[in-house]
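whatever this is, show me its structure:
(one chain, ligands or ions: 1)
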Amino acid sequence: MNARAAPATTAKPLLKVLLCSPRGFCAGVVRAIDTVEQTLARYGAPVYVRHEIVHNRYVVESLKAKGAIFVEELDEIPDTTAPVIFSAHGVPKSVPSQAKARNFFALDATCPLVTKVHREAEIHHKRGRHILLIGHAGHPEVVGTIGQLPPGAITLVESVDEVRAFVPRDPKSLAYVTQTTLSVDDTAEIVAALKARFPDIHGPHKEDICYATTNRQEVVKRVAPMVEAMVVVGSPNSSNTQRLREVAERAGCPRAALVQRAADIDWSVFGSIASLGVTAGASAPEVLVEEVIGGFAERYEVKVETVTTADEDMFFPLPRVLREGDAVK
Ligand code: SF4
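Just a heads-up that it's a prediction; the model follows:
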């Protein structure tokens, strides 16, 4: 509904846009997308990708147009010499095993910060600790982390209530790890509940929530109380994007909406606002942020100011086979 549509002759209302920085692509997403693009450039199409390489429809459709074929499971891939890429979210150990058994040329685009959590879990397991994973059931990263260890080695906890209900085999031999894209504040509460119940629990030296998730939430907390509405550009299946919308609401922004792109904006949500915060999840490309601001600029006289709370210079190198001159196939 074009509630704010105005005749061309009428002056548009002013809209101050506070653009959050950092926003959008993180180093893990850049690496994952580059992995698919470089693999296509080097080996040609098709390139198979298990699961959405990152949770963004625009990115996935762009890569499909270049020759990537997306599948949910390796069973969907015919016998092939074409490369097979695992998404940024990480995979259970059974997936590389299955790829090896089928002689697939596999490339792993798992974010190194997710791999770090996998290694932490393995170390705790080797030391005989039962692991609690703080995360959201069904998210591919959670499925991948649980799948690093034998069944029963990891228990998922999603809330303080689940921490209270958890019955350990040995309360003195516990550890916790977390999904990388959680709400910083919710996770702090769950960790506090764990530490209160199990003072001997082992955890990461620094939390597992990644720098990109933390930084994007931090700037939203700064901007949200200063604006009448907030737009989070990103996909509904992106965990860090959903958390940004929640953080905006909790930080005092009365209207926080997640939009995939300009065409999806429900103008009835925004009404006669004079200030708007804009951010983007870690898997949302900047072109979509520009498109969304462009959508507002058709209805408002937009004045953009950037609010920066952190500088980011994180970079993750591509998988080794793509860095080497002579790729091994
Ligand atoms: S959001 Fe964090 S963990 Fe996920 S890909 Fe980006 S840097 Fe890696």
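
gap between stretch 212-227 and the chain center?
16 Å (CA atoms, centre = their mean, to the nearest Å).

can you check stretch 272-289 too?
With CA atoms, centre = their mean, you get 16 Å for stretch 272-289.

then stretch 291-301?
26 Å.

pull that stretch out as CSV, backbone CA atoms only.
Written as CSV, here are the backbone C-alpha positions of stretch 291-301 (Å, rounded to 0.1, in the frame of the first residue of the first chain):
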residue,chain,number,x,y,z
GLU,A,291,17.8,0.0,-3.2
VAL,A,292,15.8,0.2,0.0
ILE,A,293,17.0,3.8,0.7
GLY,A,294,16.1,4.6,-2.9
GLY,A,295,12.6,3.3,-2.2
PHE,A,296,12.2,5.7,0.7
ALA,A,297,13.7,8.5,-1.5
GLU,A,298,10.8,8.1,-3.9
ARG,A,299,8.4,9.1,-1.1
TYR,A,300,10.5,11.3,1.2
GLU,A,301,13.1,13.9,0.9
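
ok, residues contacting the longest helix along the chain?
Longest helix in the chain by number of residues, with DSSP state H as the criterion: helix 27-43. Helix 27-43 has contacts (CB atoms under 8 Å, 6 or more residues apart in numbering) with 47, 49, 53-54, 59, 63, 66-68, 82-83, 85, 87-88, 107, 109, 111-114, 210, 212, 282-283, 312, 314-319, 322, 327, 329. Backbone N, C-alpha and C define where each C-beta goes, glycine included.

ok, and of those residues, which contact the ligand?
Contacts with the ligand are made by 88, 111, 113, 114, 210, 212, 282 out of the contacts of helix 27-43, judged by CB under 6 Å from any ligand atom.

hmm, the second one is touching residue 180, no?
So that's residue 111. Yes - assessed by CB atoms under 8 Å, residue 111 is found in contact with residue 180 at 7.3 Å.

and the ones next to the ligand among the contacts of helix 27-43, which is closest to residue 256?
residue 282 (17.2 Å; CB to CB).

okay, and the common contacts of residue 111 and residue 180?
Shared contacts of residue 111 and residue 180 (CB under 8 Å, 6+ apart): residue 210.

any idea which element residue 48 lies in?
Assessed by DSSP states H and E, residue 48 sits inside strand 47-50.

residues contacting that strand, please?
36, 39-40, 63, 67-74, 77, 80, 82-87, 91, 95.

for ChimeraX, what selects the buried ones among those residues?
Selecting the buried subset of the contacts of strand 47-50 in ChimeraX, with 16 or more other CB atoms under 10 Å as the burial test, is done by:
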select :36,39,40,63,68,69,70,74,77,82,83,84,85,86,87,91,95
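
in helices, which of the contacts of strand 47-50 appear?
When the contacts of strand 47-50 are checked against helices (DSSP H), the matches are 36, 39, 40, 63, 95.

ok, so of these, who is nearest residue 229?
Taking the ones in helices among the contacts of strand 47-50 together and measuring to residue 229 by CB to CB, the closest member is residue 63, at 31.8 Å.

OK, contacts around the residue nearest the centre of the chain?
The centre of the chain sits closest to residue 240, judged by CA atoms, centre = their mean, with a distance of 4.5 Å. Going by CB under 8 Å, 6+ apart, residue 240 touches 181, 212, 213, 216, 234, 281, 282, 283.

the first one reaches residue 210, doesn't it?
Going back to what we said before, that points to residue 181. Yes - with contact defined as CB under 8 Å, residue 181 counts as touching residue 210 (7.0 Å).

the two - which one has more neighbours?
residue 181 (32 against 26; other CB atoms under 10 Å).

could you check how far the more buried one is from the ligand?
5 Å (CB to the nearest ligand atom, to the nearest Å).

could you do residue 202 as well?
Residue 202 is 21 Å from the ligand, by CB to the nearest ligand atom.

count of residues packed around that residue?
For residue 202, using other CB under 10 Å, the count is 16.

quick check: closest non-adjacent residue to it.
Nearest non-adjacent residue to residue 202, counting by CB to CB, 6 or more residues apart in numbering: residue 175, 4.0 Å away.

any part of whichever strand or helix holds the one you found near the ligand?
Residue 175 belongs to strand 174-178 when assigned by DSSP H and E. No - applying CB under 6 Å from any ligand atom, one finds strand 174-178 separated from the ligand by no less than 10.8 Å.

can you give the contact residues for that strand?
Identification of contacts with strand 174-178 by CB under 8 Å, 6+ apart yields 117, 120-121, 124, 127, 129-135, 145, 168, 187, 191, 194, 198, 200-204, 207-209.
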